[in-house]
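Enquirer: predicted model, plus sequence, below.
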Amino acid sequence: MLGSEVERAGGRLSAAVAAQVGLAAGLLRGWLFSGRRLPAVILATALAAAATGLVAARVDAGGPSDTAEPPPRSPSALRTTAGGAVPGPSTDPSADPSPPGAPPGAVAGLTGSSGNRTARLCWQPADGAAEYVLESRDVTAGEAWATMPYPIKERCYTVQQLLTGHAYEFRVLGSNSAGRGAPSNTVTVTAGPPLPGAVTGLTAVPGAATARLCWHSAAGADLYLFDHRDVTAGEAWATMPYPIKERCYTVQQLVAGHTYEFRIVGSNSAGKGAPSNTVTVSIDPGVSLPGPVTDLTAAPGQGTVKLCWQAARDAAEYVLEYRDTTAGEAWTTMPYPIKEQCYTVQQLAAGHTYEFRIVGSNRAGRGAPSNIVTATA
């Protein structure tokens with residue numbers, strides 16, 4: 001019976017397995033019908049071969065097997081870790097979406113400054129902001145708020161092509177994937193005019209310790225700034241501290257025998273334009289310095305002091321030097337010369353004490369200072 005079963009299994013197997021089953025069948029048949037006892041080793045081999053063939057036959061025929069692997073898990077039942085795939089919930093975003101983050105905080109500290117038809121805006125970072133959005137409106141034109149169509153990554157931005165003289169309002173909002181935050185404070189900026197054009201045609205005529213400068217007007221210039229340097233003394237460029245409204249100016253108190261360079265720059269509320277050409281002036285050294293000023297006197301008044309002195313030899317004009325001793329000031333030179341031998345100082349602080357001295361001047365330079373007088377306004 002066992003041999004018949006083995007033989008039937010052999011008919012259903014591949015050639016390699018069938019050969020193994022056939023060997024087992026022959027041994028068993030010999031044991032059953034020959035009446036002789038087989039050695040224990042041969043009998044054990046036959047039984048093992050028969051068992052292998054029967055199991056293989058059952059598998060080959062589609063039957064169940066004790067060694068079959070369990071069906072694989074669905075991919076959705078696995079989760080990935082550092083050690084590989086292990087059972088657990090799925091990490092597929094479509095199956096387990098994460099909630100969105102919060103919008104950014106409010107923008108703070110927005111400031112604005114005017115330029116040449118521009119506005120420079122800067123602000124503090126907003127918590128959680130990935131970028132920033134600019135909103136603006138032209139107040140002068142009565143416009144509504146509008147949003148700039150592209151974001152800003154930095155925390156400063158220059159708005160271009162504004163209309164000269166128009167007032168604009170600006171505010172900034174932080175933005176991220178969750179939306180926009182609260183707007184910043186609002187700043188107002190009035191766009192300035194274009195920078196002045198370059199000054200052209202500067203000329204210089206030397207005089208007695210002077211140089212007469214004239215130039216052509218610059219487009220857009222409201223006033224002019226005067227740059228100068230004493231080349232002989234090795235000085236750097238310096239700017240005269242007050243502007244010039246006209247297009248000619250006489251430089252005073254130059255030193256005889258020295259060479260000077262001058263240039264003019266146009267200016268308006270937007271800033272300075274390009275400088276003019278540079279002109280050079282050499283002062284004639286053939287004149288002696290003035291003698292010292294003598295007998296300086298001071299008569300105080302209500303917020304004034306009247307000064308008088310004796311004429312100095314070879315002096316063409318005089319220079320006033322003064323200081324407020326009550327305020328602890330240093331000596332200051334009045335920026336324009338005096339032609340006469342008396343002068344009333346105006347707009348002094350009531351109750352303050354001042355010191356004064358006078359220096360003679362001509363085209364060769366300045367002489368020795370006078371005696372110092374003190375007066376209380």
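Expert: That came through fine. Because the structure is predicted, anything quoted here is derived from the model rather than measured.
Enquirer: from here on, contacts and neighbour counts on C-alpha atoms
Expert: Fine.
Enquirer: report the residue ranges of every domain in this protein.
Expert: Here the domain parsing of the chain from automatic domain parsing is 2-60, 111-190, 203-282, 294-376.
Enquirer: so who does the residue nearest to Glu235 when sequence neighbours are not counted touch?
Expert: Nearest non-adjacent residue to Glu235, counting by CA to CA, 6 or more residues apart in numbering: Arg229, 5.6 Å away. By CA atoms under 8 Å, 6 or more residues apart in numbering, the contact set of Arg229 is 235-238, 260-262.
Enquirer: identify whichever of the domains of the chain lies nearest to Pro196.
Expert: With CA to CA, the closest approach to Pro196 among the domains of the chain belongs to domain 203-282: 4.6 Å.
Enquirer: first to last residue in the closest one, what's the distance?
Expert: Taking CA to CA, to the nearest Å as the measure, domain 203-282 stretches 13 Å from start to finish.
Enquirer: so for that domain, mean pLDDT?
Expert: Mean pLDDT, domain 203-282: 92.
Enquirer: so what touches stretch 204-212?
Expert: Here stretch 204-212 has contacts from 213-214, 248-256, 279-284, 362-365, using CA under 8 Å, 6+ apart.
Enquirer: with only the CA atoms kept, save it in PDB.
Expert: Output in PDB follows, covering the C-alpha atoms of stretch 204-212 (Å, rounded to 0.1, in the frame of the first residue of the first chain):
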ATOM      1  CA  ALA A 204      38.600 131.300 -10.400                       C
ATOM      2  CA  VAL A 205      40.200 134.800 -10.400                       C
ATOM      3  CA  PRO A 206      42.900 135.400  -7.700                       C
ATOM      4  CA  GLY A 207      42.900 138.700  -5.700                       C
ATOM      5  CA  ALA A 208      44.500 140.200  -2.600                       C
ATOM      6  CA  ALA A 209      44.400 137.000  -0.400                       C
ATOM      7  CA  THR A 210      41.200 136.100  -2.100                       C
ATOM      8  CA  ALA A 211      39.800 134.000  -5.000                       C
ATOM      9  CA  ARG A 212      36.600 134.900  -6.900                       C
END
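Enquirer: measure Val251 to Ala204 for me?
Expert: For Val251, the distance to Ala204 - CA to CA - is 10 Å.
Enquirer: brain fart, Ala330
Expert: Applying CA to CA to Ala330 and Ala204 gives a distance of 33 Å.
Enquirer: which one of these two has more residues nearby?
Expert: A direct count of neighbours by other CA atoms under 10 Å for Ala330 and Ala204 places Ala204 higher, at 22 against 9.
Enquirer: which of the helices or strands spans the residue nearest to Pro193 when sequence neighbours are not counted?
Expert: Excluding its sequence neighbours, the residue lying closest to Pro193 (CA to CA, 6+ apart) is Thr164, at 5.1 Å. For Thr164, there is no host helix or strand (DSSP states H and E).
Enquirer: surely Thr164 touches Gly192?
Expert: Yes. Judged on CA atoms under 8 Å, Thr164 makes contact with Gly192 at a distance of 5.4 Å.
Enquirer: overlap in contacts of those two?
Expert: Common contact partners of Thr164 and Gly192 (CA under 8 Å, 6+ apart): Arg117.
Enquirer: if you count surrounding residues, which of these two has more?
Expert: Each of Thr164 and Gly192 has its neighbours counted (other CA under 10 Å); Gly192 has more, 23 against 15.
Enquirer: filter the contacts of stretch 204-212 to the buried ones?
Expert: Buried residues within these, counting neighbours by 16 or more other CA atoms under 10 Å: 213-214, 248, 251-256, 279-284, 362-365.
Enquirer: the stretch 51-200 of the chain: strands as residue ranges?
Expert: For the stretch 51-200 of the chain, strands defined by DSSP state E, counting those that start in this stretch occupy the ranges 78-81, 84-87, 111-114, 119-122, 131-138, 146-147, 156-159, 167-176, 179-183, 187-190.
Enquirer: mean confidence for the fifth one?
Expert: Going back to what we said before, that points to strand 131-138. 96.
Enquirer: need the strands for the stretch 201-350 of the chain, in chain order.
Expert: For the stretch 201-350 of the chain, the strands defined by DSSP E, counting those that start in this stretch cover 203-206, 211-214, 223-230, 238-239, 248-251, 259-268, 271-275, 279-282, 294-300, 305-310, 317-324, 332-333, 342-345.
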